[in-house]
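Colleague: With the sequence up front, the predicted model follows.
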Amino acid sequence: MIEWSGLGKRFGRRVLFAGLDGMLQPGKPLVVCGRNGSGKTTLLRILAGLSRPDAGTVVRTPAGLRISYASPDVDLYAELTGRENLDFLGSITGTSTAGITDLLARAGLTKASDRPVGQYSSGMRQRLKLAASVFCRPDVLLLDEPTLALDEDGISFVETILADHIATGGCVAIATNDRTEVERWADARLDLG
Amino acid sequence: MADDPQSIDARTWFRAAAAVLVKEARVEGRSRLALGATVLFSVCALTAVAYTIGETHLDASVQAALLWVVLLFAAMSGLARPFVREEEMQTADYLRLYARPSAVLTGKLLFNAGVMLVIEVVTAPLFFIVMPSGMVRPDVGLLTAVLALGGLGLASTSTFVAAMIAQASAAGSRGALFFVVAFPALAPLLMASTHATFAAMAPVLSPPGYAANSMVVIASYDAIVIAAGYLLFGSVWSET
């Protein structure tokens, strides 16, 4: 579980958000929405531990919580193939690499699995990022614009992994402005304005 | 019998560090950015030095300094790549999220040490072929040890400085900033390596104890930089 209170972030004199309280609970997805530049991505980065807030606290329990984060501002290794990227992720997280072939098939990337990611389309990269985000069996899944650049099959892949993760008691936060996603997933909603 | 959790933990760490090293080698093998640039740079610098000097006879002390200047600039041209590339290609956050900082550091440090070894294997023999005049009954064993320890110092300092400047600076200024920050940190190593190389090239000309003292300085420098790197890397690397 992740709980935050009094969270604030500013860039120079510009206050992005201030005084945010909230929590991510198992099985109850949170949708973060707001206009462009309102701080959706920054909030997810803070929850992931990739950015420091300027005010407030974030408590992640229990210790050693596995957090995954997929976002347009985080990329995979373009020189490695899709399979090698997942294999690398498995090695650095200590996750068994046995399920890679199956996961790539679910993401619709079987044919492309041995091609360098640099040759993937933006939709294929997005699918691989999403596959990578669930590969290490995280406790918390943070997805920033998860359906960006995806076709219908890709969107149904997102829905499948989200449904699986929520059903197994995982925590989820999604940053999006897509109304369908907001209505589909929002058990709780945080509007940053 | 179930494995001891600590041994599983150690295995996971070694696997992660090895994975970072293999990943660096694969990415480098397919892009040839760091190794190609550094080796080409050192060969070009060596050629330029050789043409500039011409037939002039240089003392072993001057030659030792020239060798380390070439090695320094070759290192500066390529050893920042492993960290800078992670930021430029937006892959650094994957490592921050999923890998232990010490495993990342170990993988990248070993990769840079390997790159430095290749640079030295290419540069040093070529250097002594092009400029043999300073050699007076050289101590090849000592020379190899100086290059190994001095190269490790260059690789480790460059790795830590690259980690700092990769995320702390704007993309366009990273190269210049890397050199500006790394050079003062490398000065003691360069001085000691130059002295020890002179002692190895011309043992009969160097004062007694000169080589041993210089080697102690180089080994101590390496130990301090590596220890400080592991102590500080977590806070440099983790959050922005």
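Modeller: Looks like it arrived, so ask away.

Colleague: make it CA atoms for all contacts and neighbour counts henceforth
Modeller: Fine.

Colleague: Not counting residues beside it along the chain, what's closest to the residue in chain A that chain B sits nearest to?
Modeller: Distances between chain A and chain B by C-alpha to the nearest C-alpha are smallest at residue A:92, namely 4.0 Å. Excluding the flanking residues, the one nearest residue A:92 by C-alpha to C-alpha, 6 or more residues apart in numbering or on different chains is residue B:16, at 4.0 Å.

Colleague: so where does the most centrally placed residue in chain B fall, helix or strand?
Modeller: Nearest to the mean C-alpha position of chain B, by C-alpha atoms, centre = their mean, lies residue B:155 at 2.0 Å. Residue B:155 belongs to helix B:140-168 when assigned by DSSP states H and E.

Colleague: what comes up buried for the helix or strand that comes right after that helix?
Modeller: For helix B:140-168, the succeeding helix or strand toward the C-terminus, using DSSP H and E, is helix B:174-201. Across helix B:174-201, burial judged by 16 or more other C-alpha atoms under 10 Å in any protein chain shown covers B:174-175, B:177-179, B:182-183, B:185-186, B:189-201.

Colleague: and residue B:29, what pLDDT?
Modeller: Looking at residue B:29, its pLDDT reads 89.

Colleague: Quick check: the gap between it and residue B:143.
Modeller: Separation of residue B:29 from residue B:143 (C-alpha to C-alpha, to the nearest Å) stands at 29 Å.

Colleague: Show me which of the two is the more surrounded one.
Modeller: The neighbour count for residue B:29 versus residue B:143, taken as other C-alpha atoms under 10 Å in any protein chain shown, is higher for residue B:143 (18 against 14).

Colleague: any idea how far the residue nearest to the more buried one when sequence neighbours are not counted lies from chain A?
Modeller: Nearest non-adjacent residue to residue B:143, counting by C-alpha to C-alpha, 6+ apart: residue B:200, 5.2 Å away. Relative to chain A, residue B:200 is positioned 42 Å away (C-alpha to the nearest C-alpha, to the nearest Å).

Colleague: residues touching residue B:200, list them.
Modeller: Listed by C-alpha atoms under 8 Å, 6 or more residues apart in numbering or on different chains, the contact set of residue B:200 reads B:138, B:139, B:140, B:142, B:143, B:211.

Colleague: now the residues you listed as TSV including pLDDT?
Modeller: Converted to TSV, these look like this (pLDDT from 0 to 100):
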residue	pLDDT
B:138	83
B:139	89
B:140	90
B:142	94
B:143	93
B:211	88
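
Colleague: hey, C-alpha coordinates of stretch B:232-240 in PDB?
Modeller: Only the C-alpha atoms of stretch B:232-240 are listed here, as PDB (Å, rounded to 0.1, in the frame of the first residue of the first chain):
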ATOM      1  CA  LEU B 232      27.800   7.600  -2.200                       C
ATOM      2  CA  PHE B 233      26.300   6.100  -5.300                       C
ATOM      3  CA  GLY B 234      22.900   5.300  -3.800                       C
ATOM      4  CA  SER B 235      22.200   8.900  -3.000                       C
ATOM      5  CA  VAL B 236      23.600  10.100  -6.300                       C
ATOM      6  CA  TRP B 237      21.600   7.600  -8.400                       C
ATOM      7  CA  SER B 238      18.300   7.000  -6.600                       C
ATOM      8  CA  GLU B 239      16.000  10.000  -6.700                       C
ATOM      9  CA  THR B 240      15.900  13.300  -8.700                       C
END
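
Colleague: model confidence over it, on average?
Modeller: 81.

Colleague: Can I take it that residue A:190 is in a strand?
Modeller: Yes - assessed with DSSP: H, G, I helix; E, B strand; the rest coil, residue A:190 lies in a strand.

Colleague: Chain neighbours aside, what residue packs nearest to it?
Modeller: residue A:32 (4.8 Å).

Colleague: circling back to that earlier point, quick one: neighbours of the residue nearest to residue A:92, just the number.
Modeller: 27.

Colleague: Just confirm residue A:33 contacts residue A:176, I think it does.
Modeller: Yes - with contact defined as C-alpha atoms under 8 Å, residue A:33 counts as touching residue A:176 (5.4 Å).

Colleague: Please identify every residue contacting each of those two.
Modeller: residue A:40.

Colleague: how about the residues of chain B near chain A?
Modeller: For chain B, the residues in contact with chain A (C-alpha under 8 Å from any C-alpha of the partner chain) are B:12-13, B:15-17, B:19-20, B:23, B:26-27, B:30-31, B:89-94, B:96-100, B:238-240.
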